[in-house]
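> below is the sequence, then the predicted model.
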Amino acid sequence: MMMSTVRRLAFRVNPFLLELSYFIVLSLIGFFALKVSKPRPISFKLKDLDVFFTAVSSATVSSMSTVEMEVFSNLQLVFMTFLMFLGGECFTSWLGLHFFQSKVSTTERVLEKNKVIVIDHVELGLVTNNEYHNDLNPEDSAKSNVQIEVVEDIKLLGCVRVLARVVLSYIVVIHVVGFTLVAMYIGFVPTAKQVLKQKGLDLTTFAVFTTVSTFSNCGFVPTNENMIVFKRNPGLLLILIPQILLGNTLYPACLRLAIWFLGKTTRRIEFRQILGSPNGLGYGHLFSGRRSGFLAATVFGLIFLQLTVFLALEWRSDAIAGLTGYEKVVGSLFVVVNSRHTGESILDLSLLAPAVLALIVVMMYLPPDTTFFPIMDENNNSKTKGCSPKKFNIIEKILLSPLGNLSIFIILICITEREKMKEDPLNFNVLNIVVEVISAYGNVGFSTGYSCARQIKPEGQCKDKQFGFVGRWSNMGKFILIIVMFFGRLKKYHMKGGKAWKLS
C-alpha cells in the first residue's frame, strides 16, 4: 500500500524535480558515507564543504576536485564508485525506463480492475488496429477506442521491458569487459603495475573505479595526477577510449546497433517494433536510424577536427614533450575524446596554446547528443500542415539561454574571487575561471589547476597541489560551482531556454 502510494505520487511529480531530487539525495548519501569513513592519511581531516563537493562531483559525474584523490581511502573510493555508477547517464536513463514501465503497468492494472477490457490471448504485433476494430460487435463500438488504446499500451509495455533489458545488458557487458581489460593490462605491464604499487593502490579497486568512472564519463582517477602517470602507456589509453564513447556521445548509435543485431539474431518482434517507432517509447537516447548515423558522423568529425588542430599546435609543445610519436598521437587522441564530457587527461591543460584551450571549452559546452543534421528531423513537426506554433509558458519566457546562465555564474565567481584576481592575476584570470565553469557545466572535469610558480607575490608556504583550480577558491565560489554542476547535469531541461529573448 505504501509503495503504491509513493509510486502514484512519483507519477505526478515534474520530471525535472524528480531527477533533481534524485541527485540531491544521492549527493547527501554520498556526503555522509564519505564523512563517516576515514581518509588514507589518518591525520588528514577533510573539510565538510570539500566532502560535499566531492560527493556532488561524483554523483553528477563532473570530476571537479578540491582535494587530491590520493587522500581518499580504499573504502571511500568504493563509495565514490557507487556514486559515479548511480549518477551515470546510462544508469539513470535505465531507471527512467523502469519508471515509465511501472507507469504503463499501473494504467493497465487499473483498466483491468475496472473491467474496461478483458484480453486473454492477444499475440502482440500480429493483430492490427483495423482488424481488431472490425471484429467488434456494433454494440461494443463505444468501447472500441479504449480497447485499441489498451492493446497499444500492452505492446508498448512489452517493448519497454525488452528495451530495459537491452540497456541493462549493455551496461553490464561494457563494465565487465572494461574491468577485465584494464585489470589484465595493469597486471601484465610492469610500468603500469609499478605506478599502483608506488601509490599504494589496490589493483581491483583501481580497475573497477577507473572503468566505472570512464564509462559514466565522470573522469575521476584514484591518482593525484589523473592519467598523467600513464601517459607512456598508450595501450591503457586505447582501452579507455572506446569506453568513453560507448558511455556517452556514441551511446544512442551503439544502442540502436545492438538492438538491430539482437533483432536479426533472435527475430523477436519487439526489436522490430522498437526500431520502427523509437520516439514512441519516450526513451531520449533511442534515435532513428538516420539520426543515429548523423550522430556518429558528427562525433567522429569533431574528434578529427580537434585532433588535427591539437597535433598542429601542440606537437612540439612542452605539454607532450618527451613522448614518442606514437605516444603523442594516442595521448592527443585521448585528450580530444575526453574533452566531450569525461575529463581524464595525460597533460597539464595550463600548458596548452590558447587556441587549443578555447576549442576545448567549446567542445565541453556542446551536449553529448549534438548532431549535424542537414535535413529536417522527423521529430520536428513545426512545419507540419495544420499545426499551430508552440506557445511558451511563463517559465520558458523567463528562462535565459544556457550561455546567458553561464555568463551569470562566471560573473558571480569573478565577484567572489575578486581579491584573489587582484593579488594573483596569473592564476586567477578570467580564462581559467571560464574553463572551470564550462567544465563543471559540461560535467567534464578538465581544469587548468593552480601553480605556485605563477604567483606574482610568492607565498613562502605555497605548495603545488594536484587538484582542480576550484580547490583554491573561496567557500562561496565552491558553492556556486556545486550549483553549476547540478545545473549542467540537468541541462536537458533548459536547453530550449532563452527563445523569448529577441536580439534584433
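Received it, and whenever you're ready, just let me know what you need. Numbers count the residues shown, from 1 in each chain.
> what's the neighbour count on Gly96?
19 (other Cβ atoms under 10 Å). No exception for glycine: its C-beta is placed from N, CA and C like everyone else's.
> let me fix that: Asn405
For Asn405, using other Cβ under 10 Å, the count is 18.
> secondary structure element for the residue nearest to it when sequence neighbours are not counted?
Of all residues not flanking Asn405 in the chain, Phe487 sits nearest, at 6.9 Å (Cβ to Cβ, 6 or more residues apart in numbering). Phe487 is part of helix 475-489, with elements assigned from DSSP states H and E.
> what's that helix in contact with?
Helix 475-489 is contacted from outside by 20, 23-24, 49-50, 52-53, 56-57, 60-62, 64, 66, 87, 405-406, 409, 412-413, 416-417, 436-437, 440-443, 470, 473, 494, using Cβ atoms under 8 Å, 6 or more residues apart in numbering.
> and the gap between the residue nearest to Asn405 and Ala358?
Relative to Ala358, Phe487 is positioned 22 Å away (Cβ to Cβ, to the nearest Å).
> and for Glu68?
Separation of Glu68 from Ala358 (Cβ to Cβ): 28 Å.
> put the alpha carbons of stretch 357-368 into PDB.
Only the C-alpha atoms of stretch 357-368 are listed here, as PDB (Å, rounded to 0.1, in the frame of the first residue of the first chain):
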ATOM      1  CA  LEU A 357      42.100  25.600 -24.900                       C
ATOM      2  CA  ALA A 358      39.400  27.700 -26.500                       C
ATOM      3  CA  LEU A 359      38.400  24.800 -28.800                       C
ATOM      4  CA  ILE A 360      38.300  22.500 -25.700                       C
ATOM      5  CA  VAL A 361      35.900  25.000 -24.000                       C
ATOM      6  CA  VAL A 362      33.600  24.900 -27.000                       C
ATOM      7  CA  MET A 363      33.600  21.100 -27.000                       C
ATOM      8  CA  MET A 364      32.900  20.900 -23.300                       C
ATOM      9  CA  TYR A 365      29.900  23.100 -23.800                       C
ATOM     10  CA  LEU A 366      28.300  21.000 -26.500                       C
ATOM     11  CA  PRO A 367      25.700  18.500 -25.300                       C
ATOM     12  CA  PRO A 368      26.600  14.800 -25.900                       C
END
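> let me see the residues that make contact with it.
89, 217, 248-249, 251, 302, 306, 309, 339-341, 349, 352, 402, 431, 434-435, 438-439, 441-442, 444, 446, 448, 491-492, 495.
> go again using 6 Å as the cut-off
Asn248, Thr249, Val309, Ser339, Arg340, His341, Val435, Ile438, Ser439, Gly442, Val444 (Cβ atoms under 6 Å, 6 or more residues apart in numbering).
> which ones are touching the residue nearest to Gly88 when sequence neighbours are not counted?
Leaving aside its sequence neighbours, Gly88 sits nearest to Ser216 (Cβ to Cβ, 6+ apart; 3.1 Å). Residues counted as contacts of Ser216 (Cβ under 6 Å, 6+ apart) are Val61, Met84, Gly88.
> top of those residues by neighbour count?
Result: Val61 is most packed of those (other Cβ under 10 Å), 33 neighbours.
> secondary structure class for the closest residue to that one other than its chain neighbours?
Once flanking residues are discounted, Val61 sits nearest to Cys218: 4.0 Å by Cβ to Cβ, 6+ apart. Secondary structure assignment for Cys218 (DSSP: H, G, I helix; E, B strand; the rest coil): coil.
> who's in contact with Cys218?
So, once contact is read as Cβ under 6 Å, 6+ apart, Cys218 ends up touching Val61, Ser63, Met84.
> dump the residues you listed into JSON lines; add pLDDT and distance to Gly284 as well.
Compiled in JSON lines, the contacts of Cys218 are given as follows (pLDDT from 0 to 100; distance: Cβ to Cβ, whole Å):
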{"residue": "Val61", "pLDDT": "94", "distance to Gly284": "17"}
{"residue": "Ser63", "pLDDT": "91", "distance to Gly284": "23"}
{"residue": "Met84", "pLDDT": "96", "distance to Gly284": "21"}
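> and of the residues you listed, the nearest to Asn226?
Closest approach between the contacts of Cys218 and Asn226, by Cβ to Cβ: Ser63, at 8.7 Å.
> residue contacts, the spatially closest residue to that closest one that is not a sequence neighbour?
In space, and not counting its chain neighbours, Ser63 is closest to Gly445: 3.0 Å by Cβ to Cβ, 6+ apart. Gly445 makes contact with Ser62, Ser63, Met64, Gly219, Gly343, according to Cβ under 6 Å, 6+ apart.
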